[in-house]
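K.L.:
Test case, fold it:
(one chain, ligands or ions: 1)
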Amino acid sequence: MATLKVVQCDITKLQVDAIVNAANQTLLGGGGVDGAIHHAAGTGLFAECATLDGCATGDAKITKGYNLPAKHVIHAVGPVWRGGDKDEPNLLRSCYRRCLEIAREKELTTIAFPCISTGIYHFPKEHAARIAVETVQEMLPSVPSLDVVVFVCFSRNNFEIYQSLLERDKDNAEPVF
Ligand code: ADP
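P.N.:
Numbers count the residues shown, from 1 in each chain. So this is what the prediction gives:
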């Protein structure tokens, strides 16, 4: 079964089968990690995204990686936090699940997730991290192709949250790429 890793870095630098983008429903780019991914991938990514007809919240769609070191980008649309009673936790769970279903279909071996919804969408960070780790752990047995799942934290704060969630196995905290 795949190993879970946590790293603090820029997700656009990772050489993995797929990086996940915290996209919006248009899939046509935005701020935060979405902007960084489109900037690094180049206009080919925008052109492919424009053919996808957007994406519902809680769902995900895959494209090629273009100028990124990653082979693919899985664009997941996380929920905007609106107080927690608008199905936000289930929608966030669904994002992680859909990404791993796509990883299974495409037989990906390495995938890297950003902290979906915890930036501009304001999902509380600890709650989001718990959902991310739990959902990935639940799904892993059904995605046999995966060797490594990386949780990519841009901020020290998120890095520490994920480290403490995964601290039962300290080796998981070592950068791998
Ligand atoms: P959302 O709209 O889903 O909240 P954001 O891009 O605003 O998306 O933030 C999601 C997370 O991605 C935040 O934790 C933010 O710190 C992080 N982030 C921003 N830029 C990068 C990057 N280049 N690599 C990895 N994570 C990033």
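
K.L.:
what residues does this structure put near the ligand?
P.N.:
10-12, 22, 32-34, 36, 78, 114-121, 152, 154-155, 158 (Cβ under 6 Å from any ligand atom). Heads up, the C-betas are built off the backbone N, CA and C, glycines and all.

K.L.:
What's the ChimeraX syntax to select whichever of those residues are buried?
P.N.:
A single ChimeraX command selects the buried members of the residues of the chain next to the ligand (16 or more other Cβ atoms under 10 Å):
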select :11,12,22,32,33,34,36,78,114,115,116,117,118,119,121,152,154,158
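
K.L.:
among the residues of the chain next to the ligand, which are in strands?
P.N.:
A22, V152 (DSSP state E).

K.L.:
For the residue nearest to the spatial centre of the chain, give its distance to R82.
P.N.:
Ranked by distance to the mean C-alpha position of the chain (Cα atoms, centre = their mean), the top residue is F113 at 2.7 Å. Distance of F113 to R82, computed by Cβ to Cβ, to the nearest Å: 22 Å.

K.L.:
Give the other helices and strands that the helix or strand hosting A128 contacts.
P.N.:
Assessed by DSSP states H and E, A128 sits inside helix 125-139. Contacting helix 125-139 under the criterion 3 or more Cβ pairs under 8 Å, 6 or more residues apart in numbering; DSSP states H and E are the following elements: strand 3-8, helix 88-105, strand 148-153, helix 156-165.

K.L.:
Out of these, the one nearest T57 is which?
P.N.:
helix 88-105 (5.4 Å; Cβ to Cβ).

K.L.:
Which elements pack onto the closest one?
P.N.:
Using 3+ Cβ pairs under 8 Å, 6+ apart, helix 88-105 is in contact with strand 18-23, strand 60-64, strand 72-77, strand 110-113, helix 125-139.

K.L.:
So which of these is the most surrounded?
P.N.:
strand 18-23 (a mean of 28; mean count of other Cβ atoms under 10 Å).

K.L.:
and the angle for that strand with helix 88-105?
P.N.:
Compare the direction of strand 18-23 with that of helix 88-105 by axes from the mean of the first three to the mean of the last three Cα atoms, to 10 degrees and you get 150 degrees.

K.L.:
quick check: mean pLDDT across strand 18-23?
P.N.:
In this model, strand 18-23 has a mean pLDDT of 98.

K.L.:
C-alpha coordinates for that strand, PDB please?
P.N.:
The C-alpha coordinates for strand 18-23 follow below in PDB (Å, rounded to 0.1, in the frame of the first residue of the first chain):
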ATOM      1  CA  ALA A  18      -0.100  13.900 -11.000                       C
ATOM      2  CA  ILE A  19      -0.300  17.100  -9.000                       C
ATOM      3  CA  VAL A  20      -3.800  18.000  -7.800                       C
ATOM      4  CA  ASN A  21      -4.900  21.600  -8.400                       C
ATOM      5  CA  ALA A  22      -7.300  23.400  -6.000                       C
ATOM      6  CA  ALA A  23      -9.300  24.800  -8.900                       C
END
